[in-house]
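# Please find the sequence and the predicted model below.
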Protein chains: 2
Amino acid sequence: MDIREIRATDWAQVWPIVRDIVETAETFAYDPSMSSSQARDTWIEPPPGLTVVAIEHDRIVGTAKMGPNYAGPGSHVSTASFMVAADARGRGVGTAMCRFALAWAKERGYAGMQFNAVAESNHPAVGLYKQLGFTVIGTVPGAFAHPTMGYVGLHVMYCAF
Amino acid sequence: MDIREIRATDWAQVWPIVRDIVETAETFAYDPSMSSSQARDTWIEPPPGLTVVAIEHDRIVGTAKMGPNYAGPGSHVSTASFMVAADARGRGVGTAMCRFALAWAKERGYAGMQFNAVAESNHPAVGLYKQLGFTVIGTVPGAFAHPTMGYVGLHVMYCAF
């Protein structure tokens, strides 16, 4: 699998992945009815951040964005988000992208990486993050309205470098 | 003290309050060099959010913004931010604005209010929020670079309605 910076011409392949995840509304606290251009504005990180795609056999199977979590006095902590195409899950795409983001942030001197809103029902993501060194800092009770499971907590997770 | 929705003509009075707080960089994880127009874009909440000003003797002494903390499946939890002019602190302006925001969010049916990044060194704010029903969900260690105290934690705080 190859992970490289997103190109303008990739969006036609990336948008269906993003749209599916956002519409399903099981993992991301994004507006499920967001348009392609709104999604692009949300997902494409301006410098110093970065948005990448994961490519398997010439096909984009995942995308990730990374950058500072806050500005100014909070800009030494990074954050990242990951999306994997539904039919490419369980094959290590998310793991590869998360390792990429951690390496990217460490190289740039960030002090750690924070995830602000991980649905506690998203067991694959929570498990992966824990495996890669993240701990749950706290959980905001019922802060995520899951379409079938009802209100579930949102974890704040952190990995110090 | 009166609290009302911000008007376009208020910005000339609000910007110096925002600029002072952002430049001092002791409490907000905002870019300390942000311009007036960047600050306005950050601070003025589009609907369904709201930005207000607190007025004492015809003078704006504080400002607050409130709205959904996340979109889509996270939009039933509110958030808010508060700024009080340096020479108006310790007189209950922040308390009045926080009570206003809580009442606003309760009236609109939000399930609770979350603060994402409260510097643990900001004792007046942390104390006030606790007094009004917030608890510390967790603290991201060293996530805020305080100009004189060094790296301090950022609290995630929550108040369920």
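On my side now, so go ahead. In this text, all values refer to a predicted model and were calculated from it rather than measured experimentally.
# The residue nearest to residue A:75 when sequence neighbours are not counted: what's it in contact with?
Distances taken as C-beta to C-beta, 6 or more residues apart in numbering or on different chains place residue A:68 nearest to residue A:75, at 4.2 Å, with adjacent residues excluded. All C-beta spots, glycine's among them, are computed from the backbone N, C-alpha and C. By C-beta atoms under 8 Å, 6 or more residues apart in numbering or on different chains, the contact set of residue A:68 is A:48-49, A:74-79, A:110.
# Nearest to chain B among these?
Among the contacts of residue A:68, residue A:74 lies closest to chain B (C-beta to the nearest C-beta), at 3.1 Å.
# Enumerate every residue touching that closest one.
Contacts of residue A:74 (C-beta under 8 Å, 6+ apart): A:68, B:29, B:117, B:143-145, B:154.
# and the residues you listed as JSON lines, adding distance to residue B:18?
As requested, these are exported to JSON lines (distance: C-beta to C-beta, whole Å):
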{"residue": "A:68", "distance to residue B:18": "20"}
{"residue": "B:29", "distance to residue B:18": "14"}
{"residue": "B:117", "distance to residue B:18": "16"}
{"residue": "B:143", "distance to residue B:18": "22"}
{"residue": "B:144", "distance to residue B:18": "18"}
{"residue": "B:145", "distance to residue B:18": "20"}
{"residue": "B:154", "distance to residue B:18": "20"}
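# need those in JSON lines with distance to residue A:16 and secondary structure, can you?
Output for the contacts of residue A:74, formatted as JSON lines (distance: C-beta to C-beta, whole Å; DSSP: H, G, I helix; E, B strand; the rest coil):
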{"residue": "A:68", "distance to residue A:16": "28", "secondary structure": "strand"}
{"residue": "B:29", "distance to residue A:16": "34", "secondary structure": "coil"}
{"residue": "B:117", "distance to residue A:16": "33", "secondary structure": "strand"}
{"residue": "B:143", "distance to residue A:16": "35", "secondary structure": "strand"}
{"residue": "B:144", "distance to residue A:16": "38", "secondary structure": "strand"}
{"residue": "B:145", "distance to residue A:16": "39", "secondary structure": "strand"}
{"residue": "B:154", "distance to residue A:16": "36", "secondary structure": "strand"}
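# Out of those, flag the one nearest to residue B:15.
Nearest to residue B:15 among these, counting by C-beta to C-beta, is residue B:29 at 18.9 Å.
# Please enumerate the strands of chain A.
Applying DSSP state E to chain A gives strands spanning A:2-5, A:50-56, A:59-68, A:77-84, A:112-119, A:135-146, A:150-160.
# For residue B:5, which of those is the nearest?
strand A:135-146 (26.8 Å).
# what is the mean pLDDT for that closest one?
Strand A:135-146 shows an average pLDDT of 98 in the prediction.
# Which neighbours in the sheet does that strand have, and how are they oriented?
strand A:150-160 (antiparallel) (DSSP bridges).
# Pull the contacting residues for whatever residue of chain A ends up closest to chain B.
Residue nearest to chain B within chain A: residue A:138 (2.3 Å; C-beta to the nearest C-beta). By C-beta under 8 Å, 6+ apart, the residues touching residue A:138 are A:155-156, B:136-139, B:156.
# Look up the pLDDT of the residue nearest the centre of chain A for me, please.
Centroid-nearest residue in chain A: residue A:81, 1.5 Å away (criterion: C-alpha atoms, centre = their mean). On pLDDT, residue A:81 comes in at 98.
# Quick check: bridge partners of the residue nearest to residue A:75?
Beta-bridge partners, per DSSP bridges, of residue A:68: residue A:78.
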